[in-house]
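*Asks:* below are the sequence and a predicted model for it; my questions follow.
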Amino acid sequence: MTQHKRILFTGGGSAGHVTVNLALIPKLQAQGWDIQYMGSKQGIESQLIHNLPNVKYHGISTGKLRRYMALENFKDPFRVIQGVYEAYRLIRNMRPDIVFSKGGFVSVPVVLGAWLNKVPVIIHESDMTPGLANKIALPFANKICLTFPETLDHIQSTKAIHVGAVIRDEILQGNAERGRTRVLFDKKLPVLLIMGGSLGARKINEAVRKNIHELTKTFQIVHICGKGHVDAAAEHPRYLQFEYIQEDLADVLAMTDIVITRAGSNSIFEFLALGKPMLLIPLPRASSRGDQILNAESFKRAGYGELLMEEDLTDDSFLTKVMTLYDRREEIAGNMRAYKRNEAVNRVLELIGQFSK
């Protein structure tokens with residue numbers, strides 16, 4: 001009897017740390033791999049992975065890696081140590097051929113547990129500069145796959161390899177008519193999609209809701225505002241809000257004309273692949289390491305959208321940028337069509353095959 005190869009995925013804390021895994025899992029299942037996933041017990045990754053068929057999920061203890069002072073910083077190292085112990089034992093029993101890590105704080109105990117079990121590890125970095133979790137994990141990994149070629153300047157290691165943006169197949173297969181049926185929108189009016197990330201974006205949510213009446217003079221709006229951020233008081237016939245859209249997201253994207261978004265790498269590369277002009281409002285340096293700012297500046301230089309820094313966000317600047325983006329949509333869509341998508345998924349799959357036993 002032929003024994004299936006087994007791969008353990010990890011990554012979480014936000015949807016961006018799961019998206020690449022979601023692109024790879026169906027491809028590996030089609031090749032006959034046994035798929036397992038390890039993440040936090042209550043994180044968004046547990047919700048997203050539980051929707052997948054034939055993927056066993058393992059929840060472990062984990063602590064958040066913070067760049068600021070907080071009381072939890074004194075407790076979390078003990079949670080991480082507990083998580084390493086749990087991951088080590090699970091991996092020892094599971095005996096995967098390889099571990100693939102998308103990053104996020106939950107991935108650190110898994111990478112360490114794999115290293116202790118002498119299991120090969122491939123990690124993936126979507127942003128231009130590596131995140132803290134991937135910086136910690138890199139010494140224990142065999143390879144790190146990069147989305148931006150510029151990241152090679154930030155990671156001086158022979159382990160680093162540029163593969164390009166990993167895009168989910170299903171995101172490219174949306175149907176605009178199905179999307180309009182889903183949200184009951186008029187075919188004649190343009191659609192504005194607001195997507196602030198899986199956890200939402202408070203400043204963007206506030207700007208949209210303060211300007212609903214002005215925006216809906218031109219647009220029908222789909223607002224994906226994050227868990228717990230639906231505002232029942234914000235009502236308009238041309239404005240729909242959702243905490244999260246998963247199954248119908250490809251159809252909603254297919255009917256979308258322009259997007260307002262943060263600048264997480266996975267999302268903006270998917271919008272690029274779909275040819276959706278973007279207003280990029282990156283996380284500010286005060287609440288991040290500045291990776292989204294670098295991503296957004298790169299896309300602005302390439303002509304893929306408009307850029308508005310959060311500290312410059314006012315009602316006037318917001319509305320001006322939205323309308324400028326809409327007026328430039330054909331020019332920007334032309335720039336996007338010139339972008340050549342590489343075979344990132346296949347390159348990662350080949351790498352996984354090389355490192356598995």
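*Replies:* Great, that's in hand. Residues are numbered from 1 along each chain as shown.

*Asks:* and the helices in the stretch 201-350 of the chain?
*Replies:* 202-210, 212-215, 249-255, 265-274, 291-301, 315-327, 329-337, 344-355 (DSSP state H, counting those that start in this stretch).

*Asks:* and the shortest one, what does it pack against?
*Replies:* To tie it back to what came earlier, the one meant is helix 212-215. When contacts are defined as 3 or more Cβ pairs under 8 Å, 6 or more residues apart in numbering; DSSP states H and E, helix 212-215 packs onto helix 315-327. Using the backbone N, CA and C atoms, a C-beta is placed for each residue, glycine as well.

*Asks:* thinking again about what came up before, in CSV: the helices of the stretch 201-350 of the chain, plus mean neighbour count.
*Replies:* Converted to CSV, these look like this (neighbours: other Cβ atoms under 10 Å):
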stretch, mean neighbour count
helix 202-210, 18
helix 212-215, 16
helix 249-255, 22
helix 265-274, 22
helix 291-301, 20
helix 315-327, 16
helix 329-337, 15
helix 344-355, 17
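
*Asks:* and Gly39, which of these is closest to it?
*Replies:* helix 265-274 (16.5 Å; Cβ to Cβ).

*Asks:* what pLDDT does the nearest residue to Gly305 once chain neighbours are set aside get?
*Replies:* Sequence neighbours aside, Met278 is the residue nearest to Gly305 in space, at 3.5 Å (criterion: Cβ to Cβ, 6 or more residues apart in numbering). pLDDT for Met278: 98.

*Asks:* and Met278, what is it in contact with?
*Replies:* Ile258, Val259, Ile260, Thr261, Ile268, Phe271, Phe299, Tyr304, Gly305, Glu306, Leu325 (Cβ atoms under 8 Å, 6 or more residues apart in numbering).

*Asks:* any idea how far it lies from Thr256?
*Replies:* Distance of Met278 to Thr256, given as Cβ to Cβ, to the nearest Å: 11 Å.

*Asks:* show me what the host helix or strand of Ile122 is packed against.
*Replies:* Taking DSSP states H and E as the criterion, Ile122 maps to strand 121-125. Here strand 121-125 touches strand 98-101, helix 107-116, helix 132-137, strand 143-146, helix 344-355, going by 3+ Cβ pairs under 8 Å, 6+ apart.

*Asks:* what sits up against stretch 219-234?
*Replies:* Contacts of stretch 219-234 with the rest of the structure, by Cβ under 8 Å, 6+ apart, involve 183, 185-186, 189-202, 205, 208-209, 212, 215, 236, 238-245, 252, 256-257, 326.

*Asks:* and those residues, which of them are in strands?
*Replies:* Val191, Leu192, Leu193, Ile194, Met195, Tyr239, Leu240, Gln241, Phe242 (DSSP state E).

*Asks:* Gly13 falls within a strand, correct?
*Replies:* No: Gly13 is assigned coil when assessed by DSSP: H, G, I helix; E, B strand; the rest coil, not a strand.

*Asks:* contacting residues around it?
*Replies:* Gly13 neighbours (Cβ under 8 Å, 6+ apart): Ser40, Gly43, Ile44, Glu45, Lys64, Gly104, Phe105, Val106.

*Asks:* tell me, how many residues neighbour the closest residue to Asn205 other than its chain neighbours?
*Replies:* Of all residues not flanking Asn205 in the chain, Cys225 sits nearest, at 5.1 Å (Cβ to Cβ, 6+ apart). Neighbour count of Cys225, defined by other Cβ atoms under 10 Å: 23.

*Asks:* do Val18 as well
*Replies:* Counted by other Cβ under 10 Å, the residues lying close to Val18 total 28.
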